[in-house]
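[1] Sequence plus the predicted model coming up.
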Amino acid sequence: MFSFDKLQRYRHTGSVQTFTAPISGDYKLEVWGAQGGGWNNYGGLGGYSIGYKSLSTSNKLYVCVGSKGGDILGNTGGNGGYNGGGKGGNGCQGDYTYTIVGGGGGGGATHIATTDRGVLKNYKDFYELELLLVAGGGGGLLNTPGVGGGESGGNATSDGGTTIEGATQISGYAFGQGQDGKTKSVAAGSGAEGNGGGGGGLYGGHASQLEGVNSNCAGTGGSGYVGDVTNGATIAGNQTFPSPNGGTETGHSGDGYAIITWQQLP
């Protein structure tokens, strides 16, 4: 296995970015999903995927980097992160002496594809042919959010003990899109705050639609994916994997990220 020593980094820009292969050879592809929103950086952490792809000179790849889910803005839930994060629900409104907070937005997925169809949800009918890698985004905060996938996104549990399942390789809220969290209309104990949004991913994470006593619930994580690459792997955000800044990290925080690396010719 030769060493890779030339790389191109991709940060969130809110649009698809293009990589053009400068030489023929093997390329290492890495993607990190974005963190869910909330406050104090406690949203669900993003996942990681890696694989190797042989490219010819001037072949193009298309990179779409997800953004961190929006943080809670008082009563208003955070916006979903770019590339499939679901919006956080709003807290119950009324004449109260305190603010009933909304939920955090789900983090966006990060993907690399061989075509440019824009955000991940547009690949539903083409993903097996065109998607190379996806890293799932984490769920939006309320209590304990699900992490991004990985083969599966992390689950979330309501204050009343109801489990909301994260996305998998074959199911979730929707292909490429996390679910919006429930906006509350009933000022019930442990149930008046808006629920967190689901993370983006191959399939986006679910967000609880429960209401009433003990219905408060964070969002679940979106799933990762490995397509037509060699030595591929997708790792959930509750495990340790390489950090884009060097070393390792347990789950990815902040916006998503992507790196493409290749061997520099002598």
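    Yep, that arrived. Only a predicted model underlies this, so the values are computations on that prediction, with no experimental measurement involved.

[2] For stretch 90-97, buried residues please.
    90-92 (16 or more other C-beta atoms under 10 Å). The way it works is simple: take the backbone N, C-alpha and C, and place the C-beta from them, glycine included.

[3] quick one: which of those residues is nearest to Thr183?
    Asn90 (4.3 Å; C-beta to C-beta).

[4] low pLDDT regions in the stretch 101-250 of the chain?
    Across the stretch 101-250 of the chain, not a single residue meets the criterion (pLDDT under 70).

[5] ok, which stretches of the stretch 101-250 of the chain are strands?
    According to DSSP state E, counting those that start in this stretch, the stretch 101-250 of the chain carries its strands in the segments 110-113, 131-135, 156-157, 163-164, 225-226, 230-235, 240-242, 248-250.

[6] rewinding a little: got JSON lines for the buried residues of stretch 90-97, with secondary structure too?
    Putting these into JSON lines (DSSP: H, G, I helix; E, B strand; the rest coil) gives the following:
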{"residue": "Asn90", "secondary structure": "coil"}
{"residue": "Gly91", "secondary structure": "coil"}
{"residue": "Cys92", "secondary structure": "coil"}
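
[7] Mind listing what's buried along stretch 66-74?
    66-72.

[8] Distance check, Asn214 against Asn245.
    40 Å (C-beta to C-beta, to the nearest Å).

[9] An error on my part: the question was meant for Gly139.
    For Gly139 relative to Asn245 (C-beta to C-beta), the value is 24 Å.

[10] Who has more neighbours out of those two?
    Gly139 (52 against 7; other C-beta atoms under 10 Å).

[11] Would you map the helices across the stretch 101-250 of the chain?
    127-130 (DSSP state H, counting those that start in this stretch).

[12] and stretch 73-80, which residues are buried?
    Under 16+ other C-beta under 10 Å, the buried positions of stretch 73-80 are 75-80.

[13] Those residues into JSON lines, with extra columns for pLDDT?
    Formatted as JSON lines, the buried residues of stretch 73-80 follow (pLDDT from 0 to 100):
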{"residue": "Asn75", "pLDDT": "91"}
{"residue": "Thr76", "pLDDT": "95"}
{"residue": "Gly77", "pLDDT": "96"}
{"residue": "Gly78", "pLDDT": "97"}
{"residue": "Asn79", "pLDDT": "98"}
{"residue": "Gly80", "pLDDT": "98"}
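
[14] Tell me which entries of these lie within helices.
    Among those, no member falls in helices (DSSP state H).

[15] Return the closest of these with respect to Trp39.
    Nearest to Trp39, judged by C-beta to C-beta, of the buried residues of stretch 73-80 is Gly78 at 9.2 Å.

[16] contacting residues for the nearest residue in space to the closest one that is not next to it in sequence?
    Excluding its sequence neighbours, the residue lying closest to Gly78 (C-beta to C-beta, 6 or more residues apart in numbering) is Gly70, at 3.0 Å. Applying C-beta atoms under 8 Å, 6 or more residues apart in numbering to Gly70 gives the contacts 37, 77-81, 87-88, 104-105.

[17] ok, now Lys60?
    Residues near Lys60 by C-beta under 8 Å, 6+ apart: 18-21, 114.

[18] residue contacts, the residue nearest in space to the middle of the chain?
    Geometric centre of the chain, nearest residue: Gly137, 1.2 Å, by C-alpha atoms, centre = their mean. Counting by C-beta under 8 Å, 6+ apart, Gly137 makes contact with 33-36, 44, 46-47, 66, 69, 81, 83-85, 106-110, 148, 178, 199-201, 205, 221-222, 256.

[19] Quick check: the gap between the residue lying closest to Ala188 once chain neighbours are set aside and Gly161.
    Nearest residue to Ala188, sequence neighbours excluded (C-beta to C-beta, 6+ apart): Val213, at 4.4 Å. Here Val213 is placed at a distance of 12 Å from Gly161 (C-beta to C-beta).
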